[in-house]
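Colleague: from the sequence below, what's the structure:
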Amino acid sequence: MLVTKLCFFFATDRIFVYPISTGRNLLQAKDACPVSFEFQNYTMITSQCKPPQYPAKQCCDAFLQFACPFVESLNNQSNDCISVMHRYIDQYGHYPTGLFASVCKGTQQGLPCPALAPSQSADRDDTSSSQINRKLSLVYSFATTFMGVLILVLLF
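Modeller: Presented below is the predicted three-dimensional model:
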């Protein structure tokens, strides 16, 4: 069964233009992005959105394919996900500033993101490096705490 529900990037300009730091932005601390964009695969963008023409359809389709699974984190204005994502897209693709804002046109609600089927969403979450890192952090925390308690018990 196909999923017909659409999600949107709500802050269109925020997603497509790399944010430039100003004095005012420095006063507004952002939370760290929960998505590990440094470990994502950018070939879906870099293989389809190529210079010098940067074909709009291919670039936008590739961008949406990459970014839509992270729509909740990208729309959360309290974190730095958008700037982190753009930094890595720029690092791997060497795209001109504002490329995706100029070639990808959405509606008042933003760009449409087709909702992932439940199995696709679960697969993406299970393999997400941020989820894996979070699980490893918990295991590491418990192991460290256990070892600390064990050492204290053995010493006293």
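
Colleague: surely Tyr92 meets Tyr42?
Modeller: Yes. Using Cβ atoms under 8 Å, Tyr92 is in contact with Tyr42, at 4.2 Å. (Glycine included, C-beta is placed from N, CA and C.)

Colleague: mind checking the end-to-end distance for stretch 94-111?
Modeller: The first and final residues of stretch 94-111 sit 23 Å from each other (Cα to Cα, to the nearest Å).

Colleague: tell me the buried residues in that stretch?
Modeller: Of the residues in stretch 94-111, those buried under the neighbour-count criterion (16 or more other Cβ atoms under 10 Å) are 95, 99-100, 103-104, 106, 110-111.

Colleague: what does stretch 57-64 give?
Modeller: When burial is assessed from 16+ other Cβ under 10 Å, stretch 57-64 yields the following buried residues: 58-64.

Colleague: mind listing the helices for the chain?
Modeller: Ranges of helices within the chain are 12-16, 23-27, 43-46, 56-67, 71-75, 81-93, 99-103, 118-127, 129-155, based on DSSP state H.

Colleague: so where is this protein shaky, pLDDT-wise?
Modeller: For the chain, the stretches with pLDDT under 70 are 1-27, 115-153.

Colleague: outline the domain layout of it.
Modeller: Using automatic domain parsing, the domain ranges for the chain come out as 6-115, 116-156.
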